[in-house]
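Asker: pasting a predicted model and its sequence here:
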Amino acid sequence: MQTIIFFDIDGTIVTEDGFMPESAVRAIRGARQKGSRTIINTGRTGMNVDPYIREIGFDGYIYGCGTAMEYAGETVFHITQTPQCSHEIVDLVRRTGMAVLYECPDTIHYDTKARMLPGLEMLLCHYESKHTSCADVPPECVTDWCIDKFVVWYDAESDLAAFRDGIAGQFELIDRGNCFAEIVPCGCSKATGMCRMLKLLDAQPSEVYAIGDSLNDRPMLELAGTGIAMGDHPMLHPYADYVTANLLDDGLEKALWHFGLI
């Protein structure tokens, strides 16, 4: 029986500020050496997976909460929104007082006509420090602009109910806590991406370990034969089969050791 391990990135392999403990690198490489296939399953789009993460060595990648998939260096799945839908979302975000980042295959877009909230400011500073490609939303006359997914921040001045109504039936809102949410096309999740990958690899969920830290990881933890949650993110703990230590306390390495994967 083959063993496949799916890894979230943020909070699981790297900290919020991008630090990756040596124990995480050691654990992933050790699992590969012992024969496991290793797959990234992230909310990030492909352009936002840093080279230092890729250098660890992974067999495949699921991007954007299941909106795209790559295996052995080849893109094998990608779904995106139409330009009309993308611009309609821009209008909705502006009308409902949200702050936003739009995630596209090759660029991340902010919106200077939407609100700027502290969480967005911090993330933009982080992206600037690592030279991530970011640009303002193009005008509506640009008819080939498409988004894969997006994230929003909100506060008491935002009309969250109207925003939810506006995306209903087309996007799902995943609450990430602290007035921050990930917005993913309906029918896409880390579990749907995992299912496509398992079909490609002719594998079953029982052969899978999935490791994550936030509620966008819940679908893949519930689908996996064994779901593992990082210790410092209690929102995910009820959906996990096993809770490991914090990332900085070598939680990833301890989890893989516990299950005999390294």
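Answerer: That came through fine.
Asker: C-alpha from now on. contacts and neighbour counts both.
Answerer: Fine.
Asker: quick one, strands of the stretch 151-262 of the chain?
Answerer: For the stretch 151-262 of the chain, strands defined by DSSP state E, counting those that start in this stretch occupy the ranges 171-177, 180-185, 208-212, 226-229, 242-243.
Asker: name the strands paired with the shortest one and say parallel or antiparallel.
Answerer: Partner strands and pairing direction for strand 242-243 (DSSP bridges) are strand 226-229 (parallel).
Asker: equivalent analysis for the longest one, please.
Answerer: Sheet neighbours of strand 171-177, with direction, are listed as strand 180-185 (antiparallel) (DSSP bridges).
Asker: just give me how far the partner strand sits from the chain centre.
Answerer: The chain centroid and the centroid of strand 180-185 are separated by 10 Å under Cα atoms, centre = their mean, to the nearest Å.
Asker: can you tell me the centre-most residue of the chain?
Answerer: residue 43 (1.3 Å; Cα atoms, centre = their mean).
Asker: doesn't residue 64 make contact with that residue?
Answerer: Yes. Using Cα atoms under 8 Å, residue 43 makes contact with residue 64 at a distance of 4.3 Å.
Asker: need the three-state assignment for residue 52.
Answerer: helix (DSSP: H, G, I helix; E, B strand; the rest coil).
Asker: who touches it in this structure?
Answerer: With Cα atoms under 8 Å, 6 or more residues apart in numbering as the criterion, no residue contacts residue 52.
Asker: state the distance from it to residue 13.
Answerer: Using Cα to Cα, to the nearest Å, one obtains 11 Å as the distance from residue 52 to residue 13.
Asker: overlap in contacts of the two?
Answerer: With Cα under 8 Å, 6+ apart, residue 52 and residue 13 have no common neighbours.
Asker: show me the contacts for residue 231.
Answerer: Counting by Cα under 8 Å, 6+ apart, residue 231 has contacts 213, 237, 243, 244, 245, 246, 247, 251.
Asker: and those as CSV, adding pLDDT?
Answerer: Formatted as CSV, those follow (pLDDT from 0 to 100):
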residue, pLDDT
213, 95
237, 97
243, 98
244, 98
245, 97
246, 96
247, 97
251, 97
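Asker: okay if I get those as CSV plus neighbour count and distance to residue 159?
Answerer: Shown next, in CSV, are those (neighbours: other Cα atoms under 10 Å; distance: Cα to Cα, whole Å):
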residue, neighbour count, distance to residue 159
213, 29, 28
237, 22, 30
243, 23, 36
244, 22, 37
245, 16, 37
246, 18, 35
247, 23, 35
251, 23, 38
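Asker: between these, which sits nearest residue 68?
Answerer: Residue 68 lies nearest to residue 213 out of the contacts of residue 231, by Cα to Cα, at 20.6 Å.
Asker: identify the contacts common to residue 43 and residue 64.
Answerer: Contacts common to residue 43 and residue 64, judged by Cα under 8 Å, 6+ apart, are absent.
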